[in-house]
Structures are given as C-alpha cells and as structure tokens.
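S.K.: need a structure here:
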Amino acid sequence: MTHDITNVNIHSRTLRQIEEDMLIEIFGKTQCPFCDKAKYLAQLAKDEYPEHVEFTYKQLNTDFTREELFEQFPNARTFPQVRIDGEIIGGYEQFSDYLEMLPYD
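M.R.: Okay, the predicted model is just below:
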C-alpha cells in the first residue's frame, strides 16, 4: 500500500537556514503514513542541504524492538518517533513543527 505524501507542506525558506550539521533519526513501522511523511520531510532537508543533513530510518522489528523503542522514547505513544542530534523531538507533527520553526530571513 502506498501513501499520498504530496500534500506534505514544508517551506523551502525554512530549509535555507540549515547551516549546521543535523542528524535526523526516524523510528517507524510498516504501513504508517506518518512515517512516510516524516521520511519525506527528512529527504527534502537532505536533498536541499546534503552537506549538512543526514537521516536514518529505523524499522520496528527489523532495527529495534518495541521494548527498545520505549527505552529510548519512554513517553512514545505514536509512530514515528523522531530524534534530532540526540534530542527527542516526538512524532510527525512535532517534527514538522520543528522544521518550520527553524529561523529564516
């Protein structure tokens, strides 16, 4: 099953401000539209600033167990869970908000 991610909204002006290295880690699962959207946002950032943005996608039951997820994200209630530079950001909505709150001219 594929998910429509064409309606994901991210402003290119936000991405222009990524000037420091950023490591985005996404912990997701299969058949998760919000996981797909989070990967899409991370890929947009990486495509715009390949020299500054890296992201990894980790799959439930392949790269981590549910128990390992709760060890790293004790308050997690949804998928995906996102961490940037080791800081817990939260789910898709928080990740999207985080990217939009980056300073821009």
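S.K.: From now on I want contacts and neighbour counts done on CA atoms only, so please keep to that.
M.R.: Noted.
S.K.: for the protein, what spans make up the helices?
M.R.: If DSSP state H is used as the criterion, the helices of the chain fall at 12-15, 33-48, 66-72, 92-100.
S.K.: so where's this structure shaky on pLDDT?
M.R.: By pLDDT under 70, the low-scoring segments of the chain are 1-19, 102-105.
S.K.: centroid residue for it?
M.R.: Note on the chain: the residue nearest the mean C-alpha position is A38, at 4.4 Å, using CA atoms, centre = their mean.
S.K.: Check the gap between the nearest residue to that one once chain neighbours are set aside and R83 for me.
M.R.: Nearest residue to A38 in three dimensions, chain neighbours excluded: Y92, at 5.8 Å (CA to CA, 6 or more residues apart in numbering). Applying CA to CA, to the nearest Å, the value for Y92 to R83 is 11 Å.
S.K.: Likewise for K37?
M.R.: Counting by CA to CA - K37 and R83 are separated by 15 Å.
S.K.: More neighbours: these two, which one.
M.R.: Set K37 next to R83 and count neighbours by other CA atoms under 10 Å: K37 wins out with 22 against 19.
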